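[1] what follows is a predicted protein model with its sequence.
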Amino acid sequence: AQSVTQPDIHITVSEGASLELRCNYSYGATPYLFWYVQSPGQGLQLLLKYFSGDTLVQGIKGFEAEFKRSQSSFNLRKPSVHWSDAAEYFCAVGVYNAGNMLTFGGGTRLMVKP
Amino acid sequence: GAGVSQSPSNKVTEKGKDVELRCDPISGHTALYWYRQSLGQGLEFLIYFQGNSAPDKSGLPSDRFSAERTGGSVSTLTIQRTQQEDSAVYLCASRGKRGRTDTQYFGPGTRLTVL
């Protein structure tokens, strides 16, 4: 069965600093990988996704992620964090042979210091 | 509508009562998912509908949970004889018809509190 691990439950960064959120997955084939963001009281918004091709994926709000097959990782990065980026971030893997239902990591809560 | 909508946004019920949660997917989307977000279990898949096919119920935690999708559009998740451990945010998502690689769009969720 597939699984997703987000090792960092909480991360605090200063506004303007760079950010990297870690995601490791376990899946027997080429995964479909996603990063979603959830602001308080809101649903999940897709930041970016990887299916195939270029392993560096650009998303919305200045985020990017890099798929590294050898490390089973799909880390999310942003060069300069804004206060509005404070939220919870979820990495997810889609099951290829089924309906692409998503298996989520536990989430990383990002706090941004002024 | 422009996005996935869910109602009610909040539901408080007493242990043992039945509840119904509603999801209106994006118009034209053929796939619909229910997920549950709880403190103890994180985000977990519950059930998946694709067109007129039989739903994939592999994520439902017990037979107290059921869901239906009428006319290939609106879906209702029903929890019978609610328990305190059912307290969670129930999220609905829909996906377009271009294939499995299409994005799942999530609604704002229904926060269920079982007293």
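    Nice, thanks for sending it over.
[2] the host helix or strand of B:Tyr48 vs chain A: in contact?
    Secondary structure from DSSP states H and E places B:Tyr48 in strand B:42-50. Yes. For strand B:42-50 and chain A, the contact criterion (C-beta under 8 Å from any C-beta of the partner chain) is met by B:42-45, B:48, B:50. For glycine as for every other residue, the C-beta is placed from the backbone atoms N, C-alpha and C.
[3] what's the nearest residue to A:Gln45 if we skip its chain neighbours?
    Excluding its sequence neighbours, the residue lying closest to A:Gln45 (C-beta to C-beta, 6 or more residues apart in numbering or on different chains) is A:Val37, at 5.2 Å.
[4] I should have written B:Gln41 there, sorry.
    B:Ala88 (7.9 Å).
[5] give me the pLDDT value at the one you found.
    Listed pLDDT for B:Ala88 reads 96.
[6] was I right to think it contacts B:Leu112?
    Yes. Contact status for B:Ala88 versus B:Leu112: in contact at 6.1 Å, counting by C-beta atoms under 8 Å.
[7] look up how far chain A lies from B:Thr76.
    Using C-beta to the nearest C-beta, to the nearest Å, B:Thr76 is found at 18 Å from chain A.
[8] with just CA atoms, put whichever strand or helix holds that residue into PDB.
    Using DSSP H and E, B:Thr76 maps to strand B:75-79. C-alpha atoms of strand B:75-79 as PDB (Å, rounded to 0.1, in the frame of the first residue of the first chain):
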ATOM      1  CA  SER B  75     -23.800  13.200  -3.200                       C
ATOM      2  CA  THR B  76     -24.900  12.600   0.300                       C
ATOM      3  CA  LEU B  77     -22.800  11.000   3.000                       C
ATOM      4  CA  THR B  78     -24.900   9.400   5.700                       C
ATOM      5  CA  ILE B  79     -23.600   8.400   9.100                       C
END
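[9] need the contact partners of the next helix or strand along the chain from that strand.
    Toward the C-terminal end, the helix or strand that comes next after strand B:75-79 (DSSP H and E) is strand B:88-95. If you take C-beta atoms under 8 Å, 6 or more residues apart in numbering or on different chains as the criterion, strand B:88-95 is touched by A:43-44, A:100, B:4, B:6, B:21, B:23, B:25-26, B:29-38, B:41, B:43, B:46, B:75, B:77, B:102-107, B:109-112.
[10] how about the residues of chain A near chain B?
    Going by C-beta under 8 Å from any C-beta, the residues of chain A near chain B are A:32, A:36, A:41-46, A:49, A:51, A:90, A:92, A:94, A:96, A:98-107.
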